[in-house]
Each structure stands twice: as structure tokens, then as C-alpha cells.
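In: okay, sequence plus prediction incoming.
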Amino acid sequence: MLGIMAALPQELGDLIAGMRAAGEVETLTLGQREYTVGEAHGVRCVVTLARIGKVAAATTASALIHAFNVDAVLFTGVAGGVHADVQVGDIVVADALLQHDLDASPLFPRFEVPLLDKSRFEASAELSAALFSACEAFLADEGAALQSHFAVVRPRVHRGLVVSGDRFIASHEGLMALRDALPDALAVEMEGAALAQVCYEYGVPCAVVRTISDTADAAAPASFAEFLAAIASTYSSGVLSRFLRAQT
Ligand code: ADE
């Protein structure tokens, strides 16, 4: 069983509708979240909206592991681009995740999760490679149609560090502070590293895929809202369908 999480409905695309159309689904409510169990593109899944933030992601991941006994967890959604090479419309697949707002210094090094001796949590290499292929296939198939939406010449897929924190980054200063502290960070969001920590602690593989909705600067709130309304769901549906079909 694969757990699939997103923060907001647009970030799940047509996944739950597709599961309902494909066959019987069961819906359970736990801790104010709905969990939909069924088959998506031939894969047995439990799909849920975690809502926004690290606590929301951590509690939901924990429920997926304990109540549904998932074999792996995938998070899909949008993120702010941090690295100068990462543009709106690009996709980032996380190799590793870190909590950029975690700082117990001087007791522990900045970013380190106290008593775990670790600041970077690796995503599953196998799942991430499959996600990367699904993203490339999606952009190859749909890239020309998507280009008209963005300033970038051609949307691209990146792999690397994704950072998470309980803060929407929407200023030049905030963006520069992230770049200074974490020069290899590609994208910023608010859930992935919390999921990755929980999955690490329970030995469950996880992966995170994020479409870039904004570049974490002063234009981020408007860019985020527009992206979410216009196209986030097209990306999620396109990537998830290709990823899931390749798993069967
Ligand atoms: N998710 C999408 N854009 C974001 C941003 N700029 N900061 C934090 N999370 C985000």
C-alpha cells in the first residue's frame, strides 16, 4: 500500500476522482483528516490531505504508517524556488530534505534534529528515480502546452535538497537568508522534511515531488495563488498518473 499526501486539494489533482471512477473506495476519518483507500492507476493507495505545515505533515504521516500500514509515502505539491536555476513551472524531486527553521544551537548544530544526530533526511532513491522519470515524461508530453503559462523557456526537472519550515517565504530578504544558509537548497515548502523525519524514524521509504509555484520573493503570494488555481492540478495529475502506471 502506497500513502499519497498533499497539503491542499489542487495538489492532488484528479487522483481521488480517478480512484472513485476506477472502483470501490473506502473513506475513513481520523484526527480531522479523510483517508481515501482504493486503487489509483492500478496501485493500491491511501490518499489524504495533510493540510499545511510540519506538524500537520508529521501527524498525517504517522497515521498513514500506524493506521494504514503503508509501505511507502509520497508527497506531491507546490514549492517556492530557492536556487537561481529553479523557475516557476519547473519540478523538483527531493533527494534530501531539511527543516530550515529548526535551530537548537548552541545545544546542537543549526538545522540538526536534536538527539537524532541528523539534519538531512534522504528520500528513497528508488521512488525518487521513478518520480524523476515520471516528471520528465510529463514535461516531454505536455511541456509545449505548459510553456505558454510561464516566463521560462522550457520547464525542467531538478533533483536535490528541498527545505521545509513553518513559514511562507515571500521576501527578497527571506529568500537571500535561505540561499546564504543553504546554498544547495533548490526549493522551499512547509511539509516535506517533517514527513521525511517521521519516515526515517519508522524506517518507511518516502519521496517528495514539488512543482515550483513562485520564487519565494515579494511576488510569491500572487504567483502561488495564480499557479494553484490555474495549473497545479494539471502537474500533479500528469506526474502521479505516469508514476503510478510505471509501478504496476
Ligand atoms: N510553498 C509554495 N511556495 C512557498 C513559499 N514561497 N514558501 C513556503 N512554502 C511554499
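Out: Now that the structure is in, tell me what you want to look at.

In: so what's residue 210 up against?
Out: Taking CB atoms under 8 Å, 6 or more residues apart in numbering as the contact definition, residue 210 lies against 76-79, 91-94, 162, 187, 189, 192. No exception for glycine: its C-beta is placed from N, CA and C like everyone else's.

In: so who does residue 1 touch?
Out: 37, 44-46, 68-71.

In: of those, which belong to helices?
Out: residue 68 (DSSP state H).

In: could you restrict the contacts of residue 1 to the ones contacting the ligand?
Out: Among the contacts of residue 1, no residue is within reach of the ligand (CB under 6 Å from any ligand atom).

In: residue 207 reaches residue 122, doesn't it?
Out: No: between residue 207 and residue 122 there is no contact under CB atoms under 8 Å: 10.2 Å.

In: neighbour count winner among the two?
Out: Between residue 207 and residue 122, counted using other CB atoms under 10 Å, residue 207 has the larger neighbour count: 27 against 16.

In: and the residue of this structure that's closest to the ligand?
Out: residue 80 (2.8 Å; CB to the nearest ligand atom).

In: now the nearest residue to residue 142 once chain neighbours are set aside, what's its secondary structure?
Out: Nearest residue to residue 142, sequence neighbours excluded (CB to CB, 6 or more residues apart in numbering): residue 238, at 5.9 Å. With DSSP: H, G, I helix; E, B strand; the rest coil as the basis, residue 238 sits in helix.

In: how about the residues of the protein near the ligand?
Out: 78-80, 168-170, 188-190, 213-214, 216, 220, 224.

In: go again using 5 Å as the cut-off
Out: Within the chain, the positions lying close to the ligand (CB under 5 Å from any ligand atom) are 78-80, 168-169, 188-190, 214, 216, 220.

In: could you dump these into a markdown table with secondary structure added?
Out: Listed next are these as a markdown table, based on three-state DSSP:
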| residue | secondary structure |
| --- | --- |
| 78 | strand |
| 79 | strand |
| 80 | strand |
| 168 | coil |
| 169 | coil |
| 188 | strand |
| 189 | strand |
| 190 | coil |
| 214 | strand |
| 216 | coil |
| 220 | helix |
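
In: now those as a markdown table including neighbour count and distance to residue 197?
Out: Output for the residues of the chain next to the ligand, formatted as a markdown table (neighbours: other CB atoms under 10 Å; distance: CB to CB, whole Å):
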| residue | neighbour count | distance to residue 197 |
| --- | --- | --- |
| 78 | 25 | 21 |
| 79 | 30 | 18 |
| 80 | 27 | 20 |
| 168 | 16 | 20 |
| 169 | 23 | 20 |
| 188 | 27 | 16 |
| 189 | 27 | 14 |
| 190 | 23 | 14 |
| 214 | 24 | 25 |
| 216 | 28 | 22 |
| 220 | 22 | 25 |
